[in-house]
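> next come a sequence and a model predicted from it.
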Amino acid sequence: MRVLGIETSCDETGVAVYDGDQGLVANALYSQAGLHARYGGVVPELASRDHVRKLTPMLREITAQAGGRIDGIAYTAGPGLVGALMVGAAVARSLAYGWQVPALGLHHMEGHLLAAMLEPDPPQFPFVSLLVSGGHTLLVDVLGLGVYRVLGETLDDAVGEAFDKTAKLLGLPYPGGPALAKLAGAGRSGRFDLPRPMLDRPGLDFSFSGLKTAAMLAWNKSDKSAASRADLACAFEDAAIDTLVRKSLRALQQTGRTTLVVAGGVGANRKLRKTLADAIGECGGRVHYPRPEFCTDNGSMIAYAGYLRMKAGESDSGGICVRTRWPLDQLSPP
Ligand code: KG4
Ligand code: ZN
């Protein structure tokens, strides 16, 4: 079975084809980062229009590259920006109608959650997943396909959002997360002492707005030199990573699981990947990651999640319907 996946929930146009026998056979990604950079964040209307511009030529290229028949089309139906989601949904549904194949609208975070399964030696259910993106910070107990128990989530900003806002404060270009991580590499640890939010409280929820504010206060009090910028970026990254690592360990302990699967854009952060691998390895557990380009938004994760659900016989009613908000634990198995 071959499934075409379409991702357009935010500022990346992703298209891919997953084949049950051959794995990923085609995969293309276009990032709108350059388009939004001058505004310091994603402009929803520009995002929708750019998806319209890019999606059709990308689909033509990817289907030619994959060759052969497509058996089903999976697309991101939410959560995300409404106009951007509508582009993917309308194109997916129209193609499915034209090709007379089933279509299925998917939850964007389910795509992220399963992305590590595209790697060699994939994780097996059950596992705990740390989902860290621009819109979400979640710890999830993953019992099987579509069976997700949210263990903890952010009470305010998502960790990626905190990275982006702190980067903006330090005058770094959009998208801020990777730029801040790069700058942090040139900084010294320990010069600024930033809080580790929610670590002193029991439970698995997160909060990142206090850390963001503490970084802002420290920046405003500093001499704003290049060295201070790098040192503060380093302190911010250390505090965010420390919080994510310690809560992840706590989640493994509470559930009795030994496998952690990281997903979402912040999962591309090299220091987070190394720190988590060391900490979980020390406890006898194992951590799985998607390759860095499959941590951020992409079509491959949607093609793969769609393949798993469609192989199990799932398709949906046929309307063009998207959801800007969609709690992950409302999903069900195929
Ligand atoms: O999953 P994603 O591509 O989009 C959402 O669904 O939100 O995640 C994007 C987020 C942004 O906040 C971006 O700054 C962050 O992931 N990000 C990073 C890194 N690469 C991307 N944050 C920290 N370090 C990175 N290397
Ligand atoms: Zn995402």
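On my side now, so go ahead. Since this is a predicted model, take the numbers as computed values, not measurements. Ligands and ions are numbered 1, 2, ... in the order given.
> does stretch 114-134 come close to ligand 2?
Yes: interface with ligand 2: stretch 114-134 contributes residue 133 (Cβ under 5 Å from the ion). Yep, even glycine has a C-beta here, placed from its N, CA and C like the rest.
> that stretch spans what distance, first to last residue?
When the termini of stretch 114-134 are compared using Cα to Cα, to the nearest Å, they are 18 Å apart.
> mind giving me the domain split of this structure?
2-114+294-330, 125-289 (automatic domain parsing).
> any chance of TSV for these, columns mean pLDDT?
Output for the domains of the chain, formatted as TSV (pLDDT from 0 to 100):
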stretch	mean pLDDT
domain 2-114+294-330	96
domain 125-289	96
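> mean neighbour count and distance to ligand 1 added to those domains, as TSV?
Compiled in TSV, the domains of the chain are given as follows (neighbours: other Cβ atoms under 10 Å; distance: least, Cβ to the nearest ligand atom, whole Å):
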stretch	mean neighbour count	distance to ligand 1
domain 2-114+294-330	20	3
domain 125-289	19	2
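> now stretch 244-251: how far from the chain's centre is it?
With Cα atoms, centre = their mean, to the nearest Å as the basis, stretch 244-251 stands 18 Å off its chain's centre.
> same deal with stretch 122-142?
How far stretch 122-142 lies from its chain's middle: 10 Å, per Cα atoms, centre = their mean.
> likewise for stretch 251-271?
With Cα atoms, centre = their mean, you get 13 Å for stretch 251-271.
> my read is that residue 3 contacts residue 69, right?
No: assessed by Cβ atoms under 8 Å, residue 3 is found out of contact with residue 69, at 11.2 Å.
> shared neighbours, the two?
Residues touching both residue 3 and residue 69 (Cβ atoms under 8 Å, 6 or more residues apart in numbering): there are none.
> and the residue of the chain most remote from its centre, which helix or strand is it part of?
Relative to the centre of the chain, the most outlying C-alpha is that of residue 223, 34.9 Å out, by Cα atoms, centre = their mean. Per DSSP states H and E: residue 223 is located in neither a helix nor a strand.
> quick one, strands of the stretch 101-250 of the chain?
Applying DSSP state E, counting those that start in this stretch to the stretch 101-250 of the chain gives strands spanning 103-107, 127-132, 137-144, 147-153.
> now do the last one: everything it contacts.
Taking contacts as Cβ under 8 Å, 6+ apart, the residues outside strand 147-153 that touch it are 110, 113, 128, 136-143, 203-206, 247, 251, 254-255, 327-329, 331-333.
> again, only using 7 Å
Contacts to strand 147-153, defined as Cβ atoms under 7 Å, 6 or more residues apart in numbering, come from residues 137-143, 203-206, 247, 251, 328-329, 331, 333.
> strand 137-144 and that one, what's the angle between them?
Strand 147-153 runs at 160 degrees relative to strand 137-144, counting by axes from the mean of the first three to the mean of the last three Cα atoms, to 10 degrees.
> the residue in the stretch 1-150 of the chain positioned nearest to ligand 2 - nearest residue in space that isn't next to it in sequence?
Of all residues in the stretch 1-150 of the chain, residue 133 sits closest to ligand 2, at 4.4 Å by Cβ to the ion. Closest residue to residue 133 apart from its sequence neighbours, by Cβ to Cβ, 6 or more residues apart in numbering: residue 264 at 3.5 Å.
> from memory the one you found sits against residue 132, does it?
Yes: the criterion here is Cβ atoms under 7 Å, and residue 264 meets it with residue 132 at 4.5 Å.
> now the helices for the stretch 1-150 of the chain?
If DSSP state H, counting those that start in this stretch is used as the criterion, the helices of the stretch 1-150 of the chain fall at 33-36, 44-66, 82-99, 108-114.
> got the CA positions of the second one in PDB?
Spelled out, it's helix 44-66. Provided in PDB are the C-alpha atoms of helix 44-66 (Å, rounded to 0.1, in the frame of the first residue of the first chain):
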ATOM      1  CA  PRO A  44      -1.100  33.400   8.600                       C
ATOM      2  CA  GLU A  45      -2.500  34.800   5.400                       C
ATOM      3  CA  LEU A  46       0.900  34.800   3.700                       C
ATOM      4  CA  ALA A  47       1.400  31.200   4.900                       C
ATOM      5  CA  SER A  48      -1.900  30.100   3.200                       C
ATOM      6  CA  ARG A  49      -1.100  31.800   0.000                       C
ATOM      7  CA  ASP A  50       2.400  30.300  -0.200                       C
ATOM      8  CA  HIS A  51       1.000  26.800   0.400                       C
ATOM      9  CA  VAL A  52      -1.400  27.400  -2.600                       C
ATOM     10  CA  ARG A  53       1.600  28.400  -4.700                       C
ATOM     11  CA  LYS A  54       3.900  25.600  -3.700                       C
ATOM     12  CA  LEU A  55       1.700  22.600  -3.100                       C
ATOM     13  CA  THR A  56       0.700  21.700  -6.700                       C
ATOM     14  CA  PRO A  57       4.200  21.800  -8.300                       C
ATOM     15  CA  MET A  58       5.600  19.800  -5.300                       C
ATOM     16  CA  LEU A  59       2.800  17.200  -5.700                       C
ATOM     17  CA  ARG A  60       3.600  16.900  -9.400                       C
ATOM     18  CA  GLU A  61       7.300  16.400  -8.700                       C
ATOM     19  CA  ILE A  62       6.800  13.900  -5.800                       C
ATOM     20  CA  THR A  63       4.300  11.700  -7.500                       C
ATOM     21  CA  ALA A  64       6.500  11.600 -10.700                       C
ATOM     22  CA  GLN A  65       9.500  10.700  -8.500                       C
ATOM     23  CA  ALA A  66       7.600   8.000  -6.600                       C
END
